[in-house]
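> Fold the following, please.
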Amino acid sequence: MICFYKYVYILALLLFEVGSTISAQVYVKIEDESVKPLVLYKSQRGNAFSRILTRNEVMNKLLAMYKISRYEQAYPTANSAWLLDVYVMDGDDAICEALKSQLPKSFSLIEKTEMEPMEVGFSSAYYPNDYKPSVQSNLSLVRAPEAWALMGNLPRCPIGVTDTYFEKNHPDLDGQYIKVCKSSYEDKNSFHGTAVSGILGAATDNGIGYSSLSMGAHMYASSNFGSDSEVLRMAQLGYRVINCSWLNRCSYSVIQDSVYSEVKNKWNTVVVFGAGNNSTHCGSLSAKVYPASYESVLSVTSVGHINELGHTSQWGLADWRDCHEELIGDKESCHHHNDAVDICAPGYNVPTTFLNSQYGGAWGTSFAAPHVASALSLMFTVNPCLTADEAMKMVVSTADSSIYEIEQNKDYVGLLGSGRLDVYRAVSAAVESATLRLRSPEVFQDDEAVESNYSIKIAAPVSVKSGSSVTFRTRVNFEVDSEFEVETGGALKVDVSPDNIIVCQ
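As a prediction, this is how the structure comes out:
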């Protein structure tokens with residue numbers, strides 16, 4: 001049987017490359033006493049490689065040929081007789097193949113393990129080469145870099161977007177659209193759709209312009225904005241997240257409410273809307289605009305992101321982080337706020353893509369909403385099996401409610417949703433929902449598969465009985481933090497790949 005003991009990580013199965021390999025080791029399970037090491041000596045010149053001898057001449061030749069200077073018991077203090085016959089040597093694929101071909105009956109198991117630095121896994125933050133912290137303080141505020149460190153190489157969940165016009169050949173948007181559906185509403189003079197797209201899905205880590213919060217998720221775009229039927233069509237096409245930075249009503253509609261309820265409950269799609277920008281939107285800053293104010297969608301309003309509390313800029317007391325008023329003390333400078341708002345995000349002077357291959361700052365809940373839509377894209381990337389309802393509750397419940405402790409927000413308590421978007425907490429919650437933790441002892445006696453969308457962590461003794469097999473299939477990480485036993489005649493397979501498809505139950 002094969003045993004893995006507590007705190008042993010199977011490094012060769014981890015997904016991320018975080019540096020150069022320190023060394024490679026080969027583990028062998030010996031079945032032939034003649035290949036066990038007997039003596040170690042150095043050449044008479046003293047500066048040549050050390051040589052290890054066994055009672056097997058073929059083995060001696062291989063040890064010399066591949067200059068093996070270390071060949072010893074891997075677990076000399078083990079209680080298991082099986083483990084006492086496991087030996088380790090410094091070596092690579094070449095010695096593995098030579099042992100398998102020239103001494104096929106001497107070893108029942110030959111495994112190479114690459115030893116890497118302990119940073120294997122996730123760093124505390126990830127910084128793409130086009131992320132500009134001094135400019136993109138909106139992403140710093142919502143803790144995007146910390147969330148990005150959790151994403152690895154997982155294929156991104158695409159985003160649907162309906163808006164005015166999309167400049168497909170913008171250097172940061174070229175190749176980012178799955179498709180752009182044009183309509184009679186398209187306005188090529190409007191920067192709006194291009195600016196929304198830059199926050200949603202600008203190419204990331206391409207050394208150009210800005211990073212997008214979604215790390216470059218691809219977009220299915222339509223200039224048929226303002227259309228409820230277009231949103232329904234996108235949901236029916238399978239898009240899990242749709243950004244709608246527009247409004248088309250100032251009063252409740254039973255029919256419209258039914259449409260968005262179907263989008264969420266039937267088609268399992270989260271639709272994100274801006275809450276409104278000024279009093280011209282339905283008459284006042286506290287007015288409810290629609291579709292944003294329906295329970296089946298997410299309504300997003302704005303907070304500042306550039307200056308620290310108390311900072312005086314060339315514009316005065318302006319754009320303080322997490323404050324709802326853009327100009328502190330000016331109640332007409334903020335965006336919509338009401339009890340239908342679910343969450344808030346940066347919406348003043350948000351850096352993004354503009355027309356004619358340019359970049360600039362954009363104002364409005366139109367640009368706060370894409371922050372939330374992008375966060376949802378990351379969450380569905382981590383756990384595609386989240387339902388729309390689960391994802392909505394997750395992103396809202398992980399928001400930073402400390403914004404209500406800020407003196408300048410005292411008049412808006414309960415009107416800015418659950419708080420300011422915290423992408424790191426939202427994605428971390430999605431990671432946890434997609435992590436399978438085995439906390440109780442498990443005995444596998446049949447052919448079984450254990451699957452998880454993100455990670456499998458074994459924290460209790462596991463045994464695979466003879467004649468049975470178990471496959472652990474996941475997409476990011478497999479970790480053993482307990483005794484793991486595979487009896488002779490049993491089989492273990494670990495399949496870790498970002499391309500794995502885990503069927504939702």
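
> which helix in this structure runs the most residues?
Identified as the longest helix of the chain according to DSSP state H is helix 365-382.

> and that helix, how far out from the chain's middle?
Distance of helix 365-382 from the chain centroid (C-alpha atoms, centre = their mean, to the nearest Å) equals 13 Å.

> Likewise for stretch 399-415?
29 Å.

> Mind listing residues that contact it?
Stretch 399-415 has contacts (C-beta atoms under 8 Å, 6 or more residues apart in numbering) with 286, 303, 309, 320, 322-325, 328, 331, 334, 337-339, 341, 343-344, 416-422, 425. Where C-beta positions appear, they are placed from N, C-alpha and C, glycine not excepted.

> Now the buried members of those.
Buried subset of the contacts of stretch 399-415 (neighbour count, 16 or more other C-beta atoms under 10 Å): 303, 320, 322-325, 328, 334, 337-338, 341, 343-344, 416-422, 425.

> now, which of those residues lie within helices?
Those of those lying in helices (DSSP H): residue 425.

> picking that back up, could the C-alpha coordinates of the longest helix of the chain be exported in PDB?
Provided in PDB are the C-alpha atoms of helix 365-382 (Å, rounded to 0.1, in the frame of the first residue of the first chain):
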ATOM      1  CA  THR A 365     -23.400  54.300 -11.900                       C
ATOM      2  CA  SER A 366     -23.000  53.000 -15.500                       C
ATOM      3  CA  PHE A 367     -19.400  52.500 -14.500                       C
ATOM      4  CA  ALA A 368     -20.000  51.300 -10.900                       C
ATOM      5  CA  ALA A 369     -22.200  48.400 -12.200                       C
ATOM      6  CA  PRO A 370     -19.400  46.800 -14.400                       C
ATOM      7  CA  HIS A 371     -17.300  46.400 -11.200                       C
ATOM      8  CA  VAL A 372     -20.000  44.200  -9.800                       C
ATOM      9  CA  ALA A 373     -20.600  42.300 -13.000                       C
ATOM     10  CA  SER A 374     -16.900  41.600 -13.300                       C
ATOM     11  CA  ALA A 375     -16.700  40.400  -9.700                       C
ATOM     12  CA  LEU A 376     -19.500  37.900 -10.600                       C
ATOM     13  CA  SER A 377     -17.600  36.800 -13.600                       C
ATOM     14  CA  LEU A 378     -14.700  35.900 -11.400                       C
ATOM     15  CA  MET A 379     -17.000  34.100  -9.000                       C
ATOM     16  CA  PHE A 380     -18.600  32.000 -11.700                       C
ATOM     17  CA  THR A 381     -15.100  31.300 -13.000                       C
ATOM     18  CA  VAL A 382     -14.200  29.800  -9.700                       C
END
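
> and that helix, which residues are buried?
The neighbour-count check on helix 365-382 (16+ other C-beta under 10 Å) flags 365-382 as buried.

> what do you get for stretch 429-440?
Quick answer for stretch 429-440 (16+ other C-beta under 10 Å): 429-431, 433-435, 438.

> Keeping just the C-alphas, turn that stretch into PDB.
This file holds the C-alpha atoms of stretch 429-440, laid out as PDB (Å, rounded to 0.1, in the frame of the first residue of the first chain):
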ATOM      1  CA  ALA A 429     -16.500  32.900  -0.700                       C
ATOM      2  CA  ALA A 430     -16.900  31.400  -4.200                       C
ATOM      3  CA  VAL A 431     -13.600  29.500  -3.700                       C
ATOM      4  CA  GLU A 432     -14.800  28.100  -0.400                       C
ATOM      5  CA  SER A 433     -18.100  27.000  -2.000                       C
ATOM      6  CA  ALA A 434     -16.100  25.200  -4.700                       C
ATOM      7  CA  THR A 435     -13.700  23.500  -2.200                       C
ATOM      8  CA  LEU A 436     -14.300  20.000  -1.000                       C
ATOM      9  CA  ARG A 437     -12.900  19.300   2.400                       C
ATOM     10  CA  LEU A 438     -12.800  15.700   3.600                       C
ATOM     11  CA  ARG A 439     -12.900  16.100   7.400                       C
ATOM     12  CA  SER A 440     -14.100  12.600   8.300                       C
END
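
> Thanks a lot, see you next time.
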